[in-house]
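[1] kindly return the folded structure for what I paste below:
(2 chains)
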2 protein chains.
Amino acid sequence: MTLPAGYRYSSVYAGIRKIEKDDLVLIVSDTPASAAAVFTTNLVQAAPVVLSRANLQASGGKARAILINAGNANCSTRTGERVAAGTSRAAAKLLGIPANQLLPSSTGVIGVELNPALIVDALPALVQGLSADRFQDAANAIMTTDLVAKTSTAEVELSGGPVRIAGMTKGSGMIQPGMATTLGYIMTDAAIAPADCARLLKAANETSYSRISVDGDMSTNDTLVLLANGASGVKLSARDISLFREVLEKVAQELASKIARDGEGANKLITIVVAGAVSDKDAVRIARSIANSPLVKTAIAGSDANWGRIICAAGYSGAKFDPRKVDIDLQGVRVCKGGLAAEFDEPKLKRDLDAQDVSISFRLRGDGKGSARFWTCDFTEGYIRINGSYRT
Amino acid sequence: MTLPAGYRYSSVYAGIRKIEKDDLVLIVSDTPASAAAVFTTNLVQAAPVVLSRANLQASGGKARAILINAGNANCSTRTGERVAAGTSRAAAKLLGIPANQLLPSSTGVIGVELNPALIVDALPALVQGLSADRFQDAANAIMTTDLVAKTSTAEVELSGGPVRIAGMTKGSGMIQPGMATTLGYIMTDAAIAPADCARLLKAANETSYSRISVDGDMSTNDTLVLLANGASGVKLSARDISLFREVLEKVAQELASKIARDGEGANKLITIVVAGAVSDKDAVRIARSIANSPLVKTAIAGSDANWGRIICAAGYSGAKFDPRKVDIDLQGVRVCKGGLAAEFDEPKLKRDLDAQDVSISFRLRGDGKGSARFWTCDFTEGYIRINGSYRT
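    As a prediction, the model looks like this:
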């Protein structure tokens, strides 16, 4: 798979995280790219989130580079703003780009001062290492409790020729997006106006990053960025937009569902499909409530076809529906019919639920047009082990 | 401690739960008692919840008996309404009381048909066993995944003389009350008008059962009942009301906090106090968000003073506050001062957090008058073990 043209990547170990594994990443576009981002809606926002938002505003939706550190969230600290601004300025200077065309991101522990010298000292080697083929290194280096690096790539034939999309993302806990969650960066070499970038990213986010949940916690650092540098020489024309939007959505969904699959301690990716709701909004409410229920998630971990917990979680979601019109399928097997227990082969379904991919379908009879797809993971003892001693 | 006069209790094993442990309970007042209840706000409501609500309406807030079964929720089943009505009628007939003066409750698995014959056949022995001193047996028999029986008693001197209050409750999972949670029954021998009963229970519920959370799941069967039979001969006069309300609230809080302490797999009771919020409503929002955060709860399980997760959970609670005005104390030790890390002896605090009682104080500087007290528990691997195979 060819990566989008005109981007270079680099990563080094700056000493921010305790274990020696690259923790500082740079993504550079050779020319100013149209840029858009969605950020956490948490009231408590990390300094890099505040600065990235301001930079996008000041640059009129243009960016040349993204600087990411793992191991420290640079949030709720005395020096947060200074550290974000200082390290961003130093990197921009070294790259010879305007400071407001650099977007900083951080992920890691909250409330611990981030030493800017660690980053500034590592910058020369980081810039030195920039290369078009270090995409995977960058994807590896942004991980925290992630077990696997998460990327997605696509190529799409527009009316002017082919363009490429490549995304990388990280995150496996604190995943409950009211919008974007965790960190995600999608690069394309299509030529797209900044305003279109913003619209396209917002739409893609709505049905991908905004539809996953691991534990219901929403981070202070969530950031999802789209860069479009036009290096393919192919402009996104009006008639290409819906096709491009579709492929971008697929990339975003693949990235997002990989986060859910890699949820802390998770063994299974759970895909929840809700249909027949009064509205899409109600469908999302039902899906999110099922996805966030520890009782549903532990039942799936135990391969237990406990549909009562599913209808119960839907019942407190705030969505309106008639419980007697609910059909629930697990792995394609009808377990609840009209709100009541259906006949099914329980030992066989239990074996089917041992799979790494579990599907929950929640359908309301009637003519409701609201539907939603949502991803989450099962809830295992591993989650507790990982999170019981994250700081220490 | 003397129990309220004029009540008798009984329990038998009717064969509803798999293990042979009493699963059917009867509470009887010798005379018609004023009665009030709060129920789950889940859209999916168990048949006994629907019937109890209708009975209270029909009887004008009078009740003689409560019939409770454990082991089956009698919810989302084909025969639920018939089973609730039939078994209630049979019990009322045997007791010689109007059918609408009996309040049924069920707790257990959802979506499995409840065989009414098991209950009807056990009723004679159940009624036979009624005795004023079997309060504790009844409290034992309503348990499901509870590890300990939960009761609270109090005596209060009203202007006309002493009256007694005694409550029993069950619940250790699926605990996220938008109102009452799980099952709770509070009996008093004070003479109180039905309308006052309803007001007093509503107020007590607001600051007790509505302020606990184990896993954020809200059951389909939650019921909290107050009976006042007047057997003490002491009437609740207007000037006694605030005193009585206070004692009733203490009893309800003791019952509710015992549920949180006995949360599935929990080792610790966490008491969260929020102060300085814009309103009590905002304070509850912050407290509930902290209480429901799996990241906070796993950190406490690991005795990790991870206050970043606490401020982060408050940040997505929906409450408005300035993150730079937040002070957080763990076990009385300031860990976050003005939204930033405070200096503290980490190894010592880690040892302090090993206690079975953990306190989290979240205070906003300024003149906000909103405050709230909330109870939850830590989140351990035991929760996963219990819930991974509940049905099978």
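[2] show me the contact partners of stretch A:43-52.
    Stretch A:43-52 is contacted from outside by A:37, A:39-40, A:73-77, A:80-81, A:83-85, A:88, A:103-106, A:110, A:220-223, A:225, B:311-312, B:314-317, B:319-321, B:323, B:339, using Cβ atoms under 8 Å, 6 or more residues apart in numbering or on different chains. From N, CA and C alone the C-beta is placed, and that goes for glycine too.
[3] do me a favour and average the pLDDT over that stretch.
    The pLDDT scores in stretch A:43-52 average 93.
[4] identify each buried residue in that stretch, please.
    A:43-52 (16 or more other Cβ atoms under 10 Å in any protein chain shown).
[5] swap in stretch A:342-362?
    For stretch A:342-362, by 16+ other Cβ under 10 Å, it's A:344, A:349, A:352-353, A:358, A:360-362.
[6] in chain A, which spans are strands?
    Using DSSP state E, the strands of chain A run over residues A:7-12, A:24-39, A:62-72, A:102-109, A:150-158, A:161-170, A:183-188, A:223-228, A:269-277, A:326-330, A:333-337, A:340-341, A:357-364, A:370-377.
[7] can you tell which of those strands is closest to B:Arg285?
    Each of the strands of chain A has some distance to B:Arg285 by Cβ to Cβ; the shortest is strand A:24-39, at 21.7 Å.
[8] quick check, the closest one touching chain B?
    No: using Cβ under 8 Å from any Cβ of the partner chain, strand A:24-39 never reaches chain B; the gap is at least 12.9 Å.
[9] flag every residue of the stretch 1-150 of chain A that's near chain B.
    So the stretch 1-150 of chain A meets chain B at A:41-45, A:73, A:75-78, A:109-113 (Cβ under 8 Å from any Cβ).
[10] among those residues, which one sits closest to B:Asp30?
    A:Leu43 (54.8 Å).
[11] for that closest one, phi and psi?
    Per-residue torsions, A:Leu43: phi -60, psi -30 (degrees, to the nearest 10).
[12] domain assignment for chain A?
    By the record's domain assignment, chain A is partitioned as A:7-261, A:269-387 (automatic domain parsing).
[13] format those domains as CSV; extra columns: distance to B:Ile119.
    Shown next, in CSV, are the domains of chain A (distance: least, Cβ to Cβ, whole Å):
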stretch, distance to B:Ile119
domain A:7-261, 38
domain A:269-387, 19
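[14] just to revisit the earlier point, for the strands of chain A, which one sits closest to A:Gly263?
    strand A:370-377 (3.4 Å).
[15] show me what the residue nearest to A:Ala287 when sequence neighbours are not counted bridges to in the sheet.
    For A:Ala287, ignoring the flanking residues on the chain, the nearest one in space by Cβ to Cβ, 6 or more residues apart in numbering or on different chains is A:Phe374 at 3.7 Å. Taking DSSP bridges as the rule, A:Phe374 bridges to A:Ile272.
[16] what residues are up against A:Phe374?
    Contacts of A:Phe374 (Cβ under 8 Å, 6+ apart): A:211-213, A:271-274, A:284, A:287-288, A:290-291.
[17] how close does the closest residue to A:Ser11 other than its chain neighbours sit to A:Pro104?
    Nearest residue to A:Ser11 in three dimensions, chain neighbours excluded: A:Ala141, at 3.7 Å (Cβ to Cβ, 6+ apart). Per Cβ to Cβ, to the nearest Å, A:Ala141 is found 15 Å from A:Pro104.
[18] and A:Ala341, how many neighbours does it have?
    17 (other Cβ atoms under 10 Å in any protein chain shown).
[19] the least confident helix or strand in chain A by mean pLDDT and chain B in contact?
    Sorting the helices and strands of chain A by mean pLDDT, DSSP states H and E puts helix A:381-387 at the bottom, at a mean of 71. Yes: residues of helix A:381-387 are located near chain B by Cβ under 8 Å from any Cβ, namely A:381, A:383-385, A:387.
[20] now for that helix, which elements pack on it?
    helix B:294-301, helix B:381-387 (3 or more Cβ pairs under 8 Å, 6 or more residues apart in numbering or on different chains; DSSP states H and E).
[21] can you name every helix or strand that the first one contacts?
    What that stands for is helix B:294-301. Counting by 3+ Cβ pairs under 8 Å, 6+ apart, helix B:294-301 packs on helix A:381-387, helix B:307-315.
[22] gap between the nearest residue to A:Gly15 once chain neighbours are set aside and B:Val247?
    For A:Gly15, ignoring the flanking residues on the chain, the nearest one in space by Cβ to Cβ, 6+ apart is A:Leu118 at 5.1 Å. Using Cβ to Cβ, A:Leu118 is found at 58 Å from B:Val247.
[23] and for A:Ile186?
    60 Å.
[24] the two - which one has more neighbours?
    Legend: neighbour count by other Cβ under 10 Å for A:Ile186 and B:Val247, higher for A:Ile186 (25 against 18).
[25] quick one: contacts for that one?
    Counted by Cβ under 8 Å, 6+ apart, A:Ile186 has contacts A:165-167, A:201, A:224-227, A:248, A:251-252, A:255.
[26] what's across from it in the sheet?
    Counting by DSSP bridges, the residues bridging with A:Ile186 are A:Gly167, A:Leu226.
[27] just the pLDDT for the residue lying farthest from the centre of chain A.
    Each residue of chain A has a distance to the centre, and by Cα atoms, centre = their mean the biggest one is for A:Glu343: 38.1 Å. Turning to A:Glu343, the model gives it a pLDDT of 93.
[28] try A:Ser172
    68.
[29] now A:Ala92
    So A:Ala92 comes in at 98 (pLDDT).
[30] these two touch, right, it and A:Ala65?
    Yes: using Cβ atoms under 8 Å, A:Ala92 is in contact with A:Ala65, at 7.2 Å.
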